[in-house]
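Engineer: below are the sequence and a predicted model; questions follow.
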Amino acid sequence: MKLLLDLRERLGFALILVSHDLALVSDVCDRVVVMYGGQIVETGVTADVMEAPAHHYARGLLGSVLSLETGAERLTQIRGVVPSPADFPKGCRFSDRCPMATGICRDTAPALEGTDGHGYACHHPRRHRQREGAGPMSATAEHRPIAELSDVHVVHASRGGGMFSREKVYALTGADLVIRSGETVGIVGESGCGKSTLAKVLVACNGRPPARCRSPARTCGR
Ligand code: SF4
C-alpha cells in the first residue's frame with residue numbers, strides 16, 4: 001500500500017481501492033464511496049463520512065467495526081442479508097434491513113442529496129453539521145477529473161423467466177461519480193453491493209477522450 005501511495009504521489013494517478021477494510025480506507029483514502037444494492041448510498045470526504053455517516057447502512061457498516069477508543073464491548077450488526085439483484089425492494093433498497101425505515105422508504109427510492117463534500121441517499125438521514133471547507137479535492141490543473149460517471153447503469157445478465165421473457169439484473173443503478181488525478185478513493189460495502197462493478201466501469205471509462213462515461217440509462221452487457 002505504501003508503494004502504491006508513493007507512486008501515486010510521484011506520478012499523479014488516481015487510486016481506486018475496493019475494500020471491506022474500513023480501517024485501511026479511512027487511513028489512506030481522500031474520499032469514500034459506500035455502496036449498497038448496486039447503488040451509491042453515501043459518498044464524501046473520508047473524514048466526514050467516517051466521523052458522521054448519514055445513511056443508516058453506512059452507520060451500520062461503521063458500527064460493525066469495534067472501536068478500542070470508544071470501549072464498545074459488542075459489534076453492531078446489520079440485520080438480514082443483501083437482497084438478490086432480481087429482488088430489490090421498490091423504494092430504498094436498504095428498507096428491509098433499516099431500523100429507521102418508514103412508509104416513504106418502502107415506496108420511494110431516495111435521491112442522493114447533501115453537498116459535493118458529503119452526499120447521501122436517505123429519507124431520514126442522520127444530519128450533522130458540514131465541516132468548514134470540507135469538500136472533494138478542487139478541480140485544479142493538478143487534480144483534473146480523469147473519469148466521470150453520470151447515471152450509469154450496468155446489467156450483468158438477463159435471466160430467462162420463461163420461454164419468451166428475459167429479466168434484467170442490474171448490478172449498478174444510476175451511479176454518478178467523478179475521479180480526479182492524484183486522489184485515492186475507497187469503495188466499500190458488503191459482498192455483492194456493486195463495488196467491483198463500479199471500479200470496472202471506472203477503469204473502462206478511463207482513457208477514453210474525454211475520459212467520461214455519460215449516458216442516461218446506459219447499459220453494459222456482460
Ligand atoms: S431511506 Fe429509509 S430505509 Fe433507506 S436508509 Fe434511509 S431511513 Fe433507512
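Structural biologist: The structure has been received and is ready for your questions. Numbering: from 1, shown residues only.
Engineer: CA atoms for contacts and neighbours, from now on please.
Structural biologist: Will do.
Engineer: for the chain, what lies in contact range of the ligand?
Structural biologist: Contact residues, the chain versus the ligand (C-alpha under 6 Å from any ligand atom): 55-56, 92, 94-95, 98, 100-101, 105, 110, 122-125.
Engineer: am I right that residue 167 sits in a helix?
Structural biologist: No: per DSSP: H, G, I helix; E, B strand; the rest coil, residue 167 lies outside any helix segment and is strand.
Engineer: distance of it relative to residue 198?
Structural biologist: Relative to residue 198, residue 167 is positioned 21 Å away (C-alpha to C-alpha, to the nearest Å).
Engineer: between those two, which is the more surrounded one?
Structural biologist: A direct count of neighbours by other C-alpha atoms under 10 Å for residue 167 and residue 198 places residue 198 higher, at 26 against 12.
Engineer: contacts for the helix or strand where the more buried one lies?
Structural biologist: In this structure, residue 198 is located in helix 195-205 according to DSSP states H and E. For helix 195-205, the surrounding residues in contact (C-alpha atoms under 8 Å, 6 or more residues apart in numbering) are 16, 18, 35, 38, 147-149, 154, 171-172, 175, 187-189, 211-213.
Engineer: in strands, which of these appear?
Structural biologist: Cross-referencing these against strands under DSSP state E gives 16, 18, 35, 147-149, 154, 171-172, 175, 187-188, 212-213.
Engineer: so where's this structure shaky on pLDDT?
Structural biologist: Residue ranges of the chain with pLDDT under 70: 64-76, 128-142, 156-166, 205-222.
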